[in-house]
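Undergrad: Everything below, folded, please.
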Amino acid sequence: MPNAEDTIKRYEALASSRATLDSHLDQVRELFYPSALPFQQQDTKGAKVHEKVFDSTPEQAAELLSAGLQSMLTNPATKWFALRTSDDDLDNDEEVSLWLEDTVDRMFAVFNSPRSNFAPNQHELYMDLACFQYIADRPGNLPLFSTRPLAENYLGENEDGRVDTNIRKFKWTARQAFGKWGPAVGEKVAKAAQDAKKQDQEFEFLHDVHPRTDEGKGRRGLPFASLWVSLADKKRIDEGGFHEFPYVCPRWVKRAGEVYGRGPGMKALADARMLQRAMKVTIRGVEKIIDPPLIVADDGVIAPVRVTPSGLNFVRWDMMSGSGSPIRPIETGGRPDLGEDFMASIRNRIETAFYTPLLQFARDPQMTATQVIHITEQVMQTMNPVLGRMQAEDLGPKIDRLFGIMLRGGMLAEPPEAVQGREIRVEYVSPVAKAQRLGEVRALSQHMEIAGGLAAVDPSVYDNLNLDEAFRDAADLLGMSRRLLRDPKLVEQMRQARREAADQQAQMEQAGSMAEAFKTGAQGAQALNQAMSPQTQVAGNA
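TA: The predicted structure is shown next:
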């Protein structure tokens, strides 16, 4: 039976292994995502978070990349995934294909519902790929997506390098905790919850999710154990389980042997720090030019110097004679333009690390279709490794988790008998997935053009092509709805009906031709007989 001590020891081990990384992550957070939860220092609600920021380029680059990822991978205005079975022939079955499409429609209704909270949480995840999403199963209600920052979560991997353990350390007020668990929350927390002056006092809790190694019944026997621990009372306050790992933990790139990922912010951290320092120095230089320091003659000014507008300064009368003034600005000879040029080069490096030039080009409304395809291919070539990891570690687990919740909750139509027990696989049809397939579509189109030219010389060249499969492959590559395609069995029936109608028409035409020929022959014989002379007829009779 798991206990609180085991969870606390496991948490301390995971936290200790991440201690060095926390310092690095805090530096990235301060410049690229200042509003995120800090890793090392205490989080103070309402505190200023931009005190170290003098130039917002790093934060803006992160926001643009986040918006680009949302547009390319999970655009709420378009379908970004489809479902297939592992059998292509089964996918072409009308009943199966319609059930798969209906399932996708129902899942998208959940993704796009304001009650599931998916869209804002997905944007938050893209803003900081060190965030994780927790997908909560709420019986009787829609599943809920909740993004949790890395500062709260401590991860563990299995032998395949997949995250299968997460211990989340978080704070709740006594009133919140008591509202969820009641008296089981522990003596200290329960006592504070009953005191009007202390019910908003915060306490620390752990949520430990890991593969289950012991046997149990009900939710305590599910594949992933779920343990809740109160650190104030060092007590396990709840236990349950999950059918699937409820945390989605994507990583931008990952070094071998490390659990946590490294994003573009780490790559651009040195430039971001240099940019803040350069901006700070440039601001000081501009200030010196606009409001320069003053040279004041010794004992030449009566009372402190007033530099406010319309301020009066009194000086000795003998200091007014001559060309010199008792108060003069110091010409520093500063060149803020040099600082601006220097910072422009730094900004360019930061934006390049966050793919800003490519994303901006891809959004240019003045581009032609050919230019769009070319730029899209460039984006794919550059970002394909990252996008592939996002599909494997973010979108795939998310879809699997939602499908399982909806299937168990009766939110999907009854599956056809043909797919029961079959593996259902995910096929991505987002804008970026379609762009990745443009090469295949273009190759098919070019091949058909070549075939058309050869067919002008020898039509039998088309015997080499399975045109039905080519048409259906092109529809799949372009993300065309299965509802728009007829069942191959129905297509074959329609073709058979056309063949039978054509045969019947040919038979009717042949019968008409034979009748016409018979009629023509009979008329010819009669005319010949009439044309014969009487003598010939007599001779013939003789």
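Undergrad: Check the offset of the biggest helix by length in the chain from the chain's centre.
TA: Ordering each helix of the chain by length in residues (DSSP state H) puts helix 488-531 first. Centroid displacement of helix 488-531 relative to its chain, using C-alpha atoms, centre = their mean, to the nearest Å, is 64 Å.
Undergrad: so where do the strands sit in the protein?
TA: 81-85, 132-136, 144-148, 153-157, 163-173, 202-211, 224-230, 235-242, 247-248, 294-296, 301-302, 314-315, 327-329, 424-428 (DSSP state E).
Undergrad: could the ones you listed go into CSV alongside distance to R401 and mean neighbour count?
TA: (C-beta placed from N, C-alpha, C; glycine too.) Output for the strands of the chain, formatted as CSV (distance: least, C-beta to C-beta, whole Å; neighbours: other C-beta atoms under 10 Å):
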stretch, distance to R401, mean neighbour count
strand 81-85, 13, 20
strand 132-136, 5, 21
strand 144-148, 10, 18
strand 153-157, 17, 19
strand 163-173, 13, 19
strand 202-211, 12, 19
strand 224-230, 11, 22
strand 235-242, 9, 18
strand 247-248, 7, 24
strand 294-296, 68, 14
strand 301-302, 75, 14
strand 314-315, 78, 14
strand 327-329, 67, 14
strand 424-428, 12, 16
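Undergrad: closest to R115 out of those?
TA: For R115, the closest of these is strand 144-148, at 7.9 Å, according to C-beta to C-beta.
Undergrad: So, low pLDDT: which residues of the chain?
TA: Across the chain, the ranges flagged by pLDDT under 70 are 1-2, 130-133, 320-324, 361-377, 380, 431-439, 441, 477-483, 521-542.
Undergrad: In contact with the residue sitting nearest the centre point of it, which residues?
TA: Closest to where the C-alpha atoms of the chain average out (C-alpha atoms, centre = their mean) is L73, at 3.9 Å. Counting by C-beta atoms under 8 Å, 6 or more residues apart in numbering, L73 touches W80, L387, M390, Q391, L395, S430, V432.
Undergrad: distance of it from T103?
TA: Noted for L73: a distance of 20 Å to T103, by C-beta to C-beta, to the nearest Å.
Undergrad: Would you check that A353 makes contact with A270?
TA: No - judged on C-beta atoms under 8 Å, A353 makes no contact with A270 at a distance of 10.5 Å.
Undergrad: Compare those two and say which is more crowded by neighbours.
TA: A353 (20 against 12; other C-beta atoms under 10 Å).
Undergrad: S513 versus V189, what's the distance?
TA: Going from V189 to S513 by C-beta to C-beta gives 99 Å.
Undergrad: export stretch 24-43 as CSV, just CAs?
TA: Output of stretch 24-43 as CSV, limited to C-alpha atoms (Å, rounded to 0.1, in the frame of the first residue of the first chain):
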residue,chain,number,x,y,z
HIS,A,24,19.0,28.0,-16.1
LEU,A,25,15.2,27.9,-16.6
ASP,A,26,14.7,31.0,-14.4
GLN,A,27,17.0,33.0,-16.6
VAL,A,28,15.1,32.0,-19.7
ARG,A,29,11.8,32.8,-17.9
GLU,A,30,12.8,36.3,-16.9
LEU,A,31,13.4,37.4,-20.4
PHE,A,32,11.2,35.3,-22.7
TYR,A,33,8.2,34.6,-20.5
PRO,A,34,8.3,36.8,-17.4
SER,A,35,4.7,36.1,-16.4
ALA,A,36,5.5,32.3,-15.9
LEU,A,37,5.8,30.8,-12.5
PRO,A,38,9.4,31.2,-11.1
PHE,A,39,11.5,28.1,-10.4
GLN,A,40,13.7,29.1,-7.5
GLN,A,41,12.4,32.2,-5.7
GLN,A,42,9.0,32.5,-4.0
ASP,A,43,6.2,33.5,-6.2
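Undergrad: would you list the contacts of L73 in a markdown table and tack on distance to M127?
TA: Rendered in a markdown table, the data for the contacts of L73 read as follows (distance: C-beta to C-beta, whole Å):
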| residue | distance to M127 |
| --- | --- |
| W80 | 19 |
| L387 | 17 |
| M390 | 14 |
| Q391 | 19 |
| L395 | 17 |
| S430 | 19 |
| V432 | 18 |
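Undergrad: Show me which of those residues are buried.
TA: W80, L387, M390, Q391, L395, S430, V432 (16 or more other C-beta atoms under 10 Å).
Undergrad: Check those against P38 and report the nearest one.
TA: Nearest member of the buried ones among the contacts of L73 to P38, counting by C-beta to C-beta, is M390, at 25.6 Å.
Undergrad: Now the closest one: closest residue in space, sequence neighbours ignored.
TA: Leaving out its chain neighbours, the residue that sits closest to M390 by C-beta to C-beta, 6 or more residues apart in numbering is P250, at 5.7 Å.
Undergrad: List of residues touching stretch 269-277?
TA: In contact with stretch 269-277 (C-beta under 8 Å, 6+ apart) are residues 27-28, 31-32, 52-55, 57-58, 265, 343, 346-347, 349-350, 353.
Undergrad: List the contacts of the residue lying closest to L83 once chain neighbours are set aside.
TA: Nearest non-adjacent residue to L83, counting by C-beta to C-beta, 6+ apart: L100, 4.5 Å away. Contacts were defined as C-beta under 8 Å, 6+ apart; by that measure L100 touches A82, L83, R84, T85, D91, V419, I424, R482.
Undergrad: R425 is in contact with the third one, correct?
TA: Okay, so that is R84. Yes - using C-beta under 8 Å, R84 is in contact with R425, at 5.3 Å.
Undergrad: circling back: which one of the strands of the chain lies closest to D468?
TA: Of the strands of the chain, nearest to D468 by C-beta to C-beta is strand 81-85, at 18.2 Å.
Undergrad: Which strands and helices lie in contact with the closest one?
TA: With contacts taken as 3 or more C-beta pairs under 8 Å, 6 or more residues apart in numbering; DSSP states H and E, strand 81-85 sits against helix 94-111, strand 424-428.
Undergrad: and the angle from the first one to strand 144-148?
TA: Okay, so that is helix 94-111. Relative orientation of helix 94-111 and strand 144-148, computed by axes from the mean of the first three to the mean of the last three C-alpha atoms, to 10 degrees: 50 degrees.
Undergrad: List the buried residues of helix 94-111.
TA: E94, V96, S97, W99, L100, E101, T103, V104, M107, V110, F111.
Undergrad: mind exporting that helix as PDB, just the C-alpha atoms?
TA: Provided in PDB are the C-alpha atoms of helix 94-111 (Å, rounded to 0.1, in the frame of the first residue of the first chain):
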ATOM      1  CA  GLU A  94     -18.800   3.200 -45.800                       C
ATOM      2  CA  GLU A  95     -20.100   2.300 -42.300                       C
ATOM      3  CA  VAL A  96     -16.600   2.400 -40.800                       C
ATOM      4  CA  SER A  97     -15.500   5.600 -42.500                       C
ATOM      5  CA  LEU A  98     -18.700   7.400 -41.400                       C
ATOM      6  CA  TRP A  99     -18.200   6.300 -37.800                       C
ATOM      7  CA  LEU A 100     -14.600   7.400 -37.800                       C
ATOM      8  CA  GLU A 101     -15.600  10.800 -39.200                       C
ATOM      9  CA  ASP A 102     -18.500  11.200 -36.700                       C
ATOM     10  CA  THR A 103     -16.000  10.300 -33.900                       C
ATOM     11  CA  VAL A 104     -13.700  13.000 -35.100                       C
ATOM     12  CA  ASP A 105     -16.500  15.500 -35.200                       C
ATOM     13  CA  ARG A 106     -17.500  14.800 -31.700                       C
ATOM     14  CA  MET A 107     -14.000  15.100 -30.400                       C
ATOM     15  CA  PHE A 108     -13.600  18.400 -32.200                       C
ATOM     16  CA  ALA A 109     -16.800  19.600 -30.500                       C
ATOM     17  CA  VAL A 110     -15.100  19.000 -27.200                       C
ATOM     18  CA  PHE A 111     -11.800  20.600 -28.200                       C
END
